[in-house]
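A.B. asks: quick one: sequence plus predicted model below, questions after.
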Amino acid sequence: MGVYDGVMKNEQLSLTLQGLGLGEKEAGVYIALLEMGRGTVAQIARKAGLNRTTGYDILDSLVNKGLVNISGKEPKSEYAAEPPEAVVVYLKKEVGTAEERISKAETLLPELRAIATTQNRPRIKFYEGADGLKNVYEDTLSSTEPIRAYANVDDMHKGLPNYFPAYYKRRAGKGIAIRAIVPKTPIGIERGAHDVEEKREIAFVSPDKYYFSPEINIYDNKVMIASWKEKLGVIIESAEIADAMKKIYELAWAEAKRLDAELHK
């Protein structure tokens, strides 16, 4: 292999190591040490094209990562690269650390959300198009309580074909129940046949008198609105507004159950 080929190969190795999480200078120093076997800071810095001070910093970082070891005392200290397998060991350790951090972050979410709810102003998020409408429904899967809903099954299934059957299963799988006020159409009745398995209770109302298109979901401190005609999704995050909407819903639910009983007659 010529000098040029060797340089090119080292550059490719450096880029690969950077892609695995090492810094550019860390990758360069590690490769230089693999070639040298061992060396002093001055020798390594010269080989890697760094000044002595930077060399110390980079070597210390690689020692902490378990990729380089040090022997002897200053000013005669020498550094040597750990075997290449050490890169895999380092990455596995990073994965374990990341998973632990994710787990800790998840346990903090309720407290962080509580702070955001009490100290921040109400937040409104807008989503457009089919993907936007999917986004607002995906958010409902974070609910920690039964969802209160006004829903038109006909328009839902037309608006997002093939999305809802799987969504219903995922919602039920998460243990999230739902109560829904629904216009009594053939499609609505068909969906109602799956209420038990999909953890849903429906109160049917007359489609002639109470037909509506947008869906409204109320859960936790949020109000979600999905407009099928305008292809627009909205999530309002406000404890005060959500509480008011829940109370209004309970009034509507009581009347809807009465109307449902009349329709059955």
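C.D. replies: The structure has been received and is ready for your questions. Source: prediction; values computed, not measured.

A.B. asks: isn't Val89 right up against Gly66?
C.D. replies: Yes - the pair Val89 / Gly66 is scored as a contact, 6.5 Å apart, by CB atoms under 8 Å. C-betas here are computed from N, CA, C, even on glycine.

A.B. asks: ok, Gln43 - contacts?
C.D. replies: Counting by CB atoms under 8 Å, 6 or more residues apart in numbering, Gln43 makes contact with Met36.

A.B. asks: for Lys92, give its distance to Glu85.
C.D. replies: If you measure Lys92 against Glu85 using CB to CB, to the nearest Å, the figure is 11 Å.

A.B. asks: repeat that for Pro186.
C.D. replies: The gap separating Pro186 from Glu85 is 65 Å, by CB to CB.

A.B. asks: Ser238 now?
C.D. replies: According to CB to CB, Ser238 and Glu85 sit 54 Å apart.

A.B. asks: can you check Thr53 too?
C.D. replies: In this view, Thr53 and Glu85 are 30 Å apart by CB to CB.

A.B. asks: repeat for Asn135
C.D. replies: 43 Å.

A.B. asks: neighbour-wise, which of these two wins?
C.D. replies: Between Asn135 and Glu85, Asn135 has the larger neighbour count (other CB atoms under 10 Å), namely 15 against 8.

A.B. asks: my read is that the more buried one contacts Tyr127, right?
C.D. replies: Yes - contact criterion CB under 8 Å: Asn135 and Tyr127 qualify, at 4.8 Å.

A.B. asks: now do the shared contacts for these two.
C.D. replies: Common contact partners of Asn135 and Tyr127 (CB under 8 Å, 6+ apart): Gly233.

A.B. asks: what does the pLDDT read for the residue nearest to Arg52 when sequence neighbours are not counted?
C.D. replies: Distances taken as CB to CB, 6 or more residues apart in numbering put Ala45 closest to Arg52, at 5.2 Å, once the chain neighbours are dropped. Predicted confidence (pLDDT) for Ala45: 86.

A.B. asks: using PDB, list the CA coordinates for the strand or helix carrying Ala45.
C.D. replies: Under the criterion of DSSP states H and E, Ala45 resides in helix 41-48. Written as PDB, here are the backbone C-alpha positions of helix 41-48 (Å, rounded to 0.1, in the frame of the first residue of the first chain):
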ATOM      1  CA  VAL A  41       2.400  13.300  24.300                       C
ATOM      2  CA  ALA A  42       4.800  15.200  22.100                       C
ATOM      3  CA  GLN A  43       5.300  12.300  19.800                       C
ATOM      4  CA  ILE A  44       1.600  11.600  19.500                       C
ATOM      5  CA  ALA A  45       0.600  15.200  19.000                       C
ATOM      6  CA  ARG A  46       3.200  15.500  16.200                       C
ATOM      7  CA  LYS A  47       2.000  12.400  14.500                       C
ATOM      8  CA  ALA A  48      -1.700  13.500  14.700                       C
END
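
A.B. asks: after it, next one along is what?
C.D. replies: Using DSSP H and E, the helix or strand that follows helix 41-48 in sequence is helix 52-64.

A.B. asks: so how many other residues sit close to Glu128?
C.D. replies: 12.

A.B. asks: do you know how far the residue nearest to it when sequence neighbours are not counted is from Gly159?
C.D. replies: Using CB to CB, 6+ apart and skipping the chain neighbours, the partner closest in space to Glu128 is Leu232 (5.9 Å). For Leu232, the distance to Gly159 (CB to CB) stands at 11 Å.
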